[in-house]
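Student: okay, predicted coordinates and the sequence, questions at the end:
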Amino acid sequence: MTEVTVLKEKGSDRLGSQEVLLNLGPQHPSTHGVLQLVLHLDGEIVERVSPNIGYLHRGTEKLAETFTYTQIIPLTDRLDYVCPPTSNQAFVLGVEKLLDIEAPERAQYIRVIMAELARISGHLLIVGALPMDLGAMTTLLYTMREREMIMDIMEMISGARMHTSFCRVGGVREDLPEGAIERILEFCDILPNRLIDYEKLVAKNRIFLKRTQNVGVVAPEDAIDIGLSGPNLRASGVDWDIRRDSPYEIYDRLEFKVIVRENGDCYDRWACRIDEMRECVKMIRQCIAQMKEGPFQIDIPTIAFPVDKELLGHSMETHIHHFELSAYGFKVPKGEVYVPIEAPKGELGYYMISDGSEKPTRFKVRAPSFVNLQALEFGTTNMKYLADVVAMLGSLDPVIAEVDK
Amino acid sequence: MKTPAFIDQILERFAGHVRDDGPGIDMYCISVGPDHIVALCQYLKEDPSLKFNFLSDLCGVDHYPEKDRYEVVYHLFSIPLQHRLRLKCRPQSETYGDAPSIPTVTGVWRTANWAERECYDMYGIEFSGHPNLLRIYMWEGFEGYPMRKDFPVKGYKDAYNPFGEEKRGGIPDD
């Protein structure tokens, strides 16, 4: 699906050389979705990359203005479909801040466990997909095996494999089902050994190292200036993690190391994610150890459905609240809020303006993939050849659904 | 939310140009006119006690049917000092008609490049001095600005969109 256009003849100093315009995508396996890269090539040397996005634009923000707050939760799933629980979490945290409520402790633990599982599932995809983009198919098949285990856990907890929509304003939808914790712990036992396997498969592979080390280097000042966040920023040597520096939910009770690497090349961005998964496993274990029995939803009948469904048959008041909540949603006080969280891709936050009704008047997604993708257009050094563009794009880990909103 | 210490410093430095919007529920908020936006951003980024080196987000807001309906909201963050600030800029504009233009901040933070393009694409707010102000999500030649409040959710009816609304000329009904 490539189209070659000869742009112009160059000067006589380079005999026979022409600038060539090459379209990489929008239908190309290495672009991770429908992304078009217009490459200005001089032979195999890339002179300029201009990403062309918007093929997957669904108007999430416009749509959200017509939805009630509960209806928006499934919309946020569709942004970063590789790890939806973090998108849900960011949204409900924002609404809770507007309402000035806090979810019960158990709900917060459940959300964090889900978010960390999602982070592992998101990182597993990129850890496998980057070598695949560079020609090593094997790793992706192995990482998909572990990802499948997470999918099964998600299905067990929420009933859906991908679009979980499990968070609710003021808690989570249900308590963890019986046996879920055992399944999660079993997965935590398996994963660290498998990570060693991936490193054996890929990290010592000379072809992989040659194609990623010292390729697509982003300097720390550039990384901040472009707005990179998450693992992409930490790979460049900037020590900033929202989970540690401005903790939300129960992250202040967890002990974990923020993985920072120095070089900022494609290899570091890949390796950063491998190490981060190890920390995720530790965090999940701590959450499970600290978690206590208790309510999983806030007890405000105008915001959350009643936990005791029996009440619906007896109490008229509960019945009215249930009906109003399902039919019209809940009113949110006037105000504006932006609560950023550390999503697997970087800083994710929703800027919401409420006019006091059931629907937001403005809903803006600060999508980390959208910002990170800019690094492809400007800010990288050592992205010389066409093959390096593929490595750079793969290591930035954009999800096009989130880029295009 | 407590008032951060740096607010007085900013208000003093840009006395008369910066308005104090008070502490919000999540972060402090100030607003400034389009004439001083670039100077203020430069100051916020470079002053050693502020160091807002990270532009988290830049987005447009449409306050239809208010006067001066368009607003650009900047969310700033300082990685070394770990504080946040919301900055608003509201240029004068007519309720109906074209959106005004405001100076670009791409010279201060490069990340504003795509964010401003998105804002232009969705609201039609022009950023003067922007190096590459093209539509980013919608295709070239798309008519209208979809995130404006007077743009229908279903879009306008045309050959590709049979379920859209009929286009009406002039001032929309209230």
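Tutor: Thanks, I have the structure now.
Student: C-alpha only now, for contacts and for neighbours.
Tutor: Fine.
Student: quick one, helices of the stretch 301-405 of chain A?
Tutor: According to DSSP state H, counting those that start in this stretch, the stretch 301-405 of chain A carries its helices in the segments A:311-314, A:316-328, A:368-372, A:374-377, A:386-396, A:400-404.
Student: and the third one, what does it pack onto?
Tutor: It stands for helix A:368-372. Helix A:368-372 makes packing contacts with strand A:346-354, helix A:400-404 when contacts are defined by 3 or more C-alpha pairs under 8 Å, 6 or more residues apart in numbering or on different chains; DSSP states H and E.
Student: so which of these gets nearest residue A:233?
Tutor: Proximity of these to residue A:233 was assessed by C-alpha to C-alpha; the nearest stretch is strand A:346-354, lying at 8.3 Å.
Student: sheet-wise, list the partners of that closest one with their directions.
Tutor: Partners of strand A:346-354 in the sheet, by DSSP bridges, are strand A:335-343 (antiparallel), strand A:360-366 (antiparallel).
Student: which residue is the nearest non-sequential neighbour of whatever residue of the stretch 151-300 of chain A ends up closest to chain B?
Tutor: Using C-alpha to the nearest C-alpha, the closest approach of the stretch 151-300 of chain A to chain B is made by residue A:226 at 4.3 Å. Nearest non-adjacent residue to residue A:226, counting by C-alpha to C-alpha, 6 or more residues apart in numbering or on different chains: residue B:111, 4.3 Å away.
Student: about what we covered before: okay if I get the strands paired with strand A:346-354 as TSV plus distance to residue A:173 and mean pLDDT?
Tutor: TSV is the format used below for these (distance: least, C-alpha to C-alpha, whole Å; pLDDT from 0 to 100):
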stretch	distance to residue A:173	mean pLDDT
strand A:335-343	20	91
strand A:360-366	22	92
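Student: how about those in a markdown table, adding mean neighbour count?
Tutor: Converted to a markdown table, the strands paired with strand A:346-354 look like this (neighbours: other C-alpha atoms under 10 Å in any protein chain shown):
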| stretch | mean neighbour count |
| --- | --- |
| strand A:335-343 | 23 |
| strand A:360-366 | 23 |
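Student: would CSV of the ones you listed with distance to residue A:312 be doable?
Tutor: Shown next, in CSV, are the strands paired with strand A:346-354 (distance: least, C-alpha to C-alpha, whole Å):
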stretch, distance to residue A:312
strand A:335-343, 33
strand A:360-366, 29
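Student: need the three-state assignment for the residue of the stretch 1-150 of chain A at minimum distance from chain B.
Tutor: As assessed by C-alpha to the nearest C-alpha, chain B sits closest to residue A:54 within the stretch 1-150 of chain A, at 4.1 Å. Here residue A:54 is recorded as coil under DSSP: H, G, I helix; E, B strand; the rest coil.
Student: what values do phi and psi take at it?
Tutor: phi 110, psi 0 (degrees, to the nearest 10).
Student: ok, and what's touching the longest helix along chain B?
Tutor: The longest helix of chain B (DSSP state H) is helix B:112-123. Applying C-alpha atoms under 8 Å, 6 or more residues apart in numbering or on different chains, the contact partners of helix B:112-123 are A:371, A:374, B:55, B:57-62, B:99, B:104-106, B:125-127, B:130, B:132-138, B:145-148.
Student: mind giving me the packing neighbours of the helix or strand following that helix?
Tutor: Per DSSP states H and E, helix B:112-123 leads on to strand B:126-128 as the next helix or strand towards the C-terminus. Under the contact definition 3+ C-alpha pairs under 8 Å, 6+ apart, strand B:126-128 sits against strand B:101-103, helix B:112-123.
Student: okay if I get those as a markdown table plus mean pLDDT and mean neighbour count?
Tutor: Listed next are the helices and strands packed on strand B:126-128 as a markdown table, based on pLDDT from 0 to 100; neighbours: other C-alpha atoms under 10 Å in any protein chain shown:
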| stretch | mean pLDDT | mean neighbour count |
| --- | --- | --- |
| strand B:101-103 | 88 | 18 |
| helix B:112-123 | 90 | 23 |
